[in-house]
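> Everything below, folded, please.
(one chain, ligands or ions: 1)
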Amino acid sequence: MLFIDISFENISHRHRVLLHNSAQRVMEHKLNLSHKVPGIPDEAYYMKNIISEKEEDILLSAVSKSPEPCWTNLSNRRLQNVGGVPHEKGMIPVQIPDWLQTAVDLVNGMNIFPAEKQANHILLNEYLPMQGIMPHVDGSLFYPIITTLSLGSHTVLDFYSPIDKEDCEEHADGENKANQDLSLEKRRMFSFLLEPRSLLILKDEMYTKYLHGIREVKEDQITEMIKNLDLTDFEGKLGDCLQRTKRISLTIRNVPKVTKFKLKFGK
Ligand SMILES: O=C(O)CCC(=O)C(=O)O
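A predicted model of the protein is given here:
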């Protein structure tokens, strides 16, 4: 085992215990059919308030202390790969810092993943208002289940029908961006409101077939396109707008192909 001495002491022992307790609590409240989002293809589950505000604060504070080199800066957001960088030849596993391992334990305690495919990777995304992520599917580097813990701001996650041949030809012809956006908009099928402290689970066709993305806007309008409203704490009315602030998402997944040796960071 390789050992590199970089400290990730972002979180105190007391806070680790708090988060661990939360993981224990969630293990007692297993995912069930009442969390299933109705009226969409199979299948998506939404669990609100899976962690407390205090636990959210601890995680946000730890994220804010991440050393600058941990971040990869993209034009529309910044991100961290935690647990290794997924690669078709196999991910070299890197030890997950304790403060994030608690979030992985929380998901692994809920029997969302099969026993032999436990979550071992986190993609940590940071979005400011007007930032988002282009519609995509997560692909074959991951076991086909996505779990996402949201922290900070709400967002709206949009789902799109798969790209058809016509769209590909349009893009290949270099048609202008406005037209591409229009064709994307035509493919938007439905959306979910993701509240802070919620956990979203996508599997089956919702993983393999439908694309998901977050539009680059500063506010989200609540419309009938949002299919999980009854599972949220939203108490407003259709037409209301929610202003975005900074959001952190932890997408916790299983990378099946890993190398035998592991990089370990810490004391
Ligand atoms: O931030 C999110 O909720 C979505 C992230 C995502 O789609 C991804 O990282 O692939």
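> Tell me, how many residues neighbour the residue lying closest to residue 208 once chain neighbours are set aside?
Spatial nearest neighbour of residue 208, excluding adjacent residues (Cβ to Cβ, 6 or more residues apart in numbering): residue 144 at 5.9 Å. C-beta: built from backbone N, CA, C; applies to glycine. Residue 144 has 19 neighbours, counted by other Cβ atoms under 10 Å.
> cool, and the one 10 residues further on?
When neighbours are counted by other Cβ under 10 Å, residue 154 registers 18.
> Residue 193 pairs with what?
residue 156 (DSSP bridges).
> Would you mind measuring from it to residue 156?
According to Cβ to Cβ, to the nearest Å, residue 193 and residue 156 sit 6 Å apart.
> so what sits against both of those two?
220, 226 (Cβ atoms under 8 Å, 6 or more residues apart in numbering).
> What residue in the stretch 151-267 of the chain comes nearest to the ligand?
Relative to the ligand, the nearest point of the stretch 151-267 of the chain is residue 249 (3.3 Å; Cβ to the nearest ligand atom).
> Can you point out the helix or strand that includes that residue?
strand 247-253 (DSSP states H and E).
> again with residue 190
Following DSSP H and E, one finds residue 190 within strand 188-194.
> Stretch 234-251: end-to-end distance?
23 Å (Cα to Cα, to the nearest Å).
> Name the residues of it that are buried.
Buried residues in stretch 234-251, counted by 16 or more other Cβ atoms under 10 Å: 234, 242, 244, 247, 248, 249, 250, 251.
> And for that stretch, what's in contact with it?
Residues contacting stretch 234-251 (Cβ under 8 Å, 6+ apart): 59-60, 63, 100, 103, 122-130, 146-155, 193-196, 217-224.
> what mean pLDDT does that stretch have?
Averaged across stretch 234-251, the pLDDT comes to 98.
> any idea how far that stretch is from the chain center?
Per Cα atoms, centre = their mean, to the nearest Å, the displacement of stretch 234-251 from the mean C-alpha position of its chain is 15 Å.
> where does this structure dip in pLDDT?
For the chain, applying pLDDT under 70 flags the ranges 1-29, 164-182, 263-267.
> mind running it again at 50?
For the chain, the stretches with pLDDT under 50 are 1-9, 167-175, 267.
> so where do the helices sit in it?
Under the criterion DSSP state H, the chain contains helices at 13-28, 53-64, 98-108, 165-172, 177-187, 205-208.
> give me the number of residues near residue 136?
For residue 136, using other Cβ under 10 Å, the count is 10.
> List the contacts of it.
Residues near residue 136 by Cβ under 8 Å, 6+ apart: 211, 212, 213.
> which ones among the residues you listed come in contact with the ligand?
The residues of the contacts of residue 136 that also fall near the ligand, by Cβ under 6 Å from any ligand atom, are residue 212.
> Spell out which parts of the stretch 51-200 of the chain neighbour the ligand.
Residues of the stretch 51-200 of the chain lying close to the ligand by Cβ under 6 Å from any ligand atom are 123, 125, 133, 138, 148, 157.
> give me the beta-bridge partners of the second one?
It stands for residue 125. In this structure, residue 125 bridges to residue 79, residue 249 when assessed by DSSP bridges.
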